[in-house]
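Asker: Got a predicted structure here, sequence first:
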Amino acid sequence: MALFVVGCGGVGREALDVAIAAGIRVDGFIDEHHAGATVRGLPVTGLDGAPAGAGYHLGLADPVARERLTAELERRGLQPVTLIHPRAVVGPDTVVGEGCLIMAGAHVSSSVTLGRHVQVQYNATVGHDARLDDYAVVLPGANVSGTVHLGAGATVGTGACVLQGRSVGRGAFIGAGAVVTADVPDGVTVVGVPARAR
C-alpha cells in the first residue's frame, strides 16, 4: 500500500522521520499549498494525487485541520496509518488508535487509550490509565499524568504538565510550561503555574 504524509511542514517532515526510523516507506506528501514541489526527495501532490486505497498519515499539529482532512481523505477512500518511532515506549494494555503519531523518546504508559490521530511528540509522557480522545496533541517534553482525560482536539503545550486525574476539555489549549492543577473546560486556553484561563 502506498503511503502519503499529509502536510510537508515541520510535523509532516518529523512524521517522515518516524516512518524512516520504523522502516516504513513513504511515497510522497499531500499538501495543496506545495503541490508540484519536492520535499526531502519526495513528490508533493494535492488531494487529487493520492489514489483510493492508499494510506495516509496526518503530519499536521492543528487538531481542527486534522479532523477536517480526515473526513475528506476517507471520503476519497484513503486509509489512516499509525507511525510509532522504534525509540518510543508503549506500555502493555495500551490501545493506540488509527493514524496516531508517537515520536522518538515518547513514553506512553500502561493501560492508556489513545483515540484516532492522537500525537505524542518528542520526549512527551502519558501516564497510566490516561485517555486521550481523537486528535489530541501532547507537544514535546510535556507530561500528562496518570488517569488524565484529554478531550478531542485538546493540546498540551511544550513542557507543560497536567497533574494526576485532571480533565482537559475538548479543544482546550494548555500553554507551554503550564502546570494544570484543576480541570480545564472545553475550548479554554490556560497558561502559567498554576495554569489559569487567559
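Answerer: Arrived safely.
Asker: make it CA atoms for all contacts and neighbour counts henceforth
Answerer: OK.
Asker: so what's the nearest residue to residue 52 once chain neighbours are set aside up against?
Answerer: Leaving aside its sequence neighbours, residue 52 sits nearest to residue 77 (C-alpha to C-alpha, 6 or more residues apart in numbering; 4.5 Å). By C-alpha atoms under 8 Å, 6 or more residues apart in numbering, the contact set of residue 77 is 51, 52, 53, 54.
Asker: Out of those residues, who's the most crowded?
Answerer: The most crowded member of the contacts of residue 77, judged by other C-alpha atoms under 10 Å, is residue 54 (18 neighbours).
Asker: what are the phi and psi values for that residue?
Answerer: phi -70, psi 160 (degrees, to the nearest 10).
Asker: Thought residue 85 was touching residue 19, still the case?
Answerer: Yes - with contacts counted by C-alpha atoms under 8 Å, residue 19 reaches residue 85, the gap being 7.3 Å.
Asker: domains of the chain?
Answerer: 3-81, 83-188 (automatic domain parsing).
Asker: Return the set of buried residues in the worst-scoring helix or strand of the chain on mean pLDDT.
Answerer: Using mean pLDDT, DSSP states H and E, the weakest-scoring helix or strand in the chain turns out to be helix 63-75, at a mean of 93. Neighbour-count burial for helix 63-75, counted by 16 or more other C-alpha atoms under 10 Å, picks out 63, 66, 67, 70, 73.
Asker: Okay then, goodbye and thanks.
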